[in-house]
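J.: turn this into a structure:
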Amino acid sequence: MSKISKAFEQGKAFIPFITCGDPDLSTTEQIVREAVRNGADLIELGIPFSDPTAEGPVIQGANIRALAGGVTTDRVFDLVRSLRKDISTPMVFMTYANVVFSYGAEAFLSTCQEIGMDGIILPDLPFEEKDEFQPLCKKYGVDLISLIAPTSHERIAMIAKEAEGFLYIVSSLGVTGTRSEITTDLASIVHVVRQYTDIPCAIGFGISTPEQAKNMAQLSDGAIVGSAIIKLIEQHGPDAPEAVGAYVRRMKQAISVGI
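T.: Have a look, this model is predicted:
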C-alpha cells in the first residue's frame, strides 16, 4: 500500500505546498517542520523551475527567488535527507517534466526512493504521456500522482482507474493562485471519481481561507493550499516558519472540526 494513504487515515487531510529554497533552504526546512508540527498530513515540495507553466505570479515569484538563490535539484534532495532524519509524514515533489528529464529520469526517481519521497506530481505531463515516467516510478516505488481538471470530462474515469497515491483535483481553470470564489461543479467530478477508484482525492488551486478549505474537504478527502502559504513566506521571510505553522493549524482545524 502507498505510504501516501497514511495522510488520509485520520480524517480529512490538509496538504500545504512549499517552494524549496524560498527564501532559502534552511528556512524551507523550518517551515516544513512547523507545518508538520501543526497538523499537515502530507507535504508538497516544489522543486524550482524557470518556466512553471501551471503557476500563477505568486508561486512563479517563489521559483525565481529560489533559483536566484542557487537552489538546485541536488540541494533539494539534501533538504529532504535532512527532514527524513526525524519526519515520517508523507511527502511528494511537485515539479515539471523537464526537471526530471534534465536530471535523468532514472537517477531522479532512484534518488527519490533513496531519500524517502513518496510521490511526484508533474502538472505539465499529459495523462496520455505518463508512460514516459510510469515504469521508472513503479521500479522505485514513487507514486506518479495524476491531476483531474474541470476540462477533463470523459477522461475523468480513465484517469481515476489508474490513479495511485492520491488524485489531485484542480478546482478551477487557469493557473494557481488564491480565488475569492470557486464555482466549478467539483461535487460532480468527485462523484465520477468515486465510481472508479477508492484512492483518496484532494482539491487544490485557489484555496486560501479556512472556509474554502472546509468546503473543499467536505467534497473530497482533503484540501491543498499553495499560493496563500507562499504569500506568507514572501511577507515574513526568515520569520515565516511561525506564521506558516499558525496558518496550517487554522486550516487543519477548519477541515477537521469546522470553523
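J.: flag the shaky bits of this protein, pLDDT-wise.
T.: 1, 52-55, 172-184, 258-259 (pLDDT under 70).
J.: show me the helices in it, by range?
T.: When secondary structure is read from DSSP state H, the chain shows helices at 25-37, 57-68, 73-83, 97-103, 105-115, 134-139, 155-161, 186-196, 210-219, 227-236, 240-257.
J.: can you redo those as a markdown table with mean neighbour count and distance to S146?
T.: No exception for glycine: its C-beta is placed from N, CA and C like everyone else's. Below are the helices of the chain laid out as a markdown table (neighbours: other Cβ atoms under 10 Å; distance: least, Cβ to Cβ, whole Å):
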| stretch | mean neighbour count | distance to S146 |
| --- | --- | --- |
| helix 25-37 | 20 | 24 |
| helix 57-68 | 19 | 20 |
| helix 73-83 | 17 | 22 |
| helix 97-103 | 17 | 14 |
| helix 105-115 | 17 | 16 |
| helix 134-139 | 15 | 10 |
| helix 155-161 | 17 | 5 |
| helix 186-196 | 16 | 11 |
| helix 210-219 | 20 | 18 |
| helix 227-236 | 20 | 21 |
| helix 240-257 | 20 | 22 |
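J.: ok, which of these comes nearest A202?
T.: helix 210-219 (8.1 Å; Cβ to Cβ).
J.: if we can go back for a sec, and the helices of the chain as CSV, adding distance to P48?
T.: Output for these, formatted as CSV (distance: least, Cβ to Cβ, whole Å):
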stretch, distance to P48
helix 25-37, 11
helix 57-68, 4
helix 73-83, 8
helix 97-103, 9
helix 105-115, 15
helix 134-139, 21
helix 155-161, 27
helix 186-196, 29
helix 210-219, 25
helix 227-236, 12
helix 240-257, 17
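J.: the longest strand seen in the chain: partners in the sheet, and parallel or antiparallel?
T.: Of all the segments of type strand in the chain, defined by DSSP state E, the longest one is strand 13-19. Here strand 13-19 is paired, per DSSP bridges, with strand 43-46 (parallel), strand 222-225 (parallel).
J.: mean neighbour count, those: which tops it?
T.: strand 222-225 (a mean of 27; mean count of other Cβ atoms under 10 Å).
J.: chain center to that strand, what's the gap?
T.: 8 Å (Cα atoms, centre = their mean, to the nearest Å).
J.: go on, stretch 19-31?
T.: On Cα atoms, centre = their mean, the centre of stretch 19-31 falls 16 Å from the chain's centre.
J.: list of residues touching that stretch?
T.: The contact list for stretch 19-31, computed with Cβ atoms under 8 Å, 6 or more residues apart in numbering, reads 18, 45-48, 59, 62-63, 65-67, 69-71, 75-76, 79, 82-83, 230, 233-234, 237-238, 240-241, 244-245.
J.: stretch 223-230 too?
T.: In contact with stretch 223-230 (Cβ under 8 Å, 6+ apart) are residues 12-19, 22, 44, 46, 56, 58-59, 61-62, 168, 176-178, 202-205, 207-208, 212-213, 216-217, 244, 247, 251, 255.
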